[in-house]
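*Asks:* give me the fold of what follows.
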Amino acid sequence: MLKISNKVMIFDHELEWSFIRAQGAGGQHVNKTSSAVQLHFNIVHSSLPELYKQRLLAFSDQRITKDGVIVIKAQEHRSQLQNKEDALLRLKELIEQATVVQKTRRATKPTRSSQKRRMDSKSKRGEVKKMRGRVDD
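*Replies:* So this is what the prediction gives:
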């Protein structure tokens, strides 16, 4: 069972695991063991609250398929158990990231003094550049 928050949990029967061989270098060990893990989590058929489901489905992430299935591949560690824990942690972070509400931006005007400071610095910079020109005798 994966605990997302105090009230939201994902049960083990909702997670689908497949174990595959890891990519990359690793010597003889990598050819014999399936230490990489693929985690499949179906958003639509899960026990998550509707708000979480809507936000996850609207979230643009390459790990979420068009069918609403999250696919996470973990192959960083040599041990299958560590990769499994890593995949669960990444699933939790993805769900938490999708459910954070962005603070709305309010358009503001710059103050008159900040505008004046900006224009003064621009004119000062222009003077410096003008002084770099060729010197005539």
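
*Asks:* from here on, contacts and neighbour counts on C-alpha atoms
*Replies:* Will do.

*Asks:* all strands of this protein, in order?
*Replies:* For the chain, strands defined by DSSP state E occupy the ranges 2-3, 9-10, 15-20, 36-42, 69-74.

*Asks:* can you show me the CA trace of the fourth one as CSV?
*Replies:* So that's strand 36-42. The C-alpha coordinates for strand 36-42 follow below in CSV (Å, rounded to 0.1, in the frame of the first residue of the first chain):
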residue,chain,number,x,y,z
ALA,A,36,14.7,-3.4,-13.9
VAL,A,37,11.0,-2.7,-12.9
GLN,A,38,8.1,-1.4,-14.9
LEU,A,39,5.2,-0.1,-12.9
HIS,A,40,1.8,0.4,-14.5
PHE,A,41,-0.9,2.3,-12.7
ASN,A,42,-4.3,2.8,-14.3
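
*Asks:* got a list of contacts for it?
*Replies:* 14-22, 68-77, 80, 83-84, 87 (C-alpha atoms under 8 Å, 6 or more residues apart in numbering).

*Asks:* show the buried residues in those residues.
*Replies:* Using 16 or more other C-alpha atoms under 10 Å as the burial test, these include 15, 19-20, 22, 68-75, 80, 83-84, 87 as buried.

*Asks:* where is pLDDT lowest across those?
*Replies:* Lowest pLDDT within those is found at Ala22 (79).

*Asks:* next one: the nearest residue to it once chain neighbours are set aside from Ile72, what distance?
*Replies:* With sequence-adjacent residues excluded and distances taken as C-alpha to C-alpha, 6 or more residues apart in numbering, Ala22 is closest to Ala36, at 4.9 Å. For Ala36, the distance to Ile72 (C-alpha to C-alpha, to the nearest Å) stands at 11 Å.

*Asks:* then Thr33?
*Replies:* 19 Å.

*Asks:* equivalent analysis for Ser79, please.
*Replies:* 16 Å.

*Asks:* may I ask which helix or strand of this structure has the lowest mean pLDDT?
*Replies:* In the chain, no helix or strand scores lower on mean pLDDT, DSSP states H and E than helix 28-32, which sits at a mean of 68.
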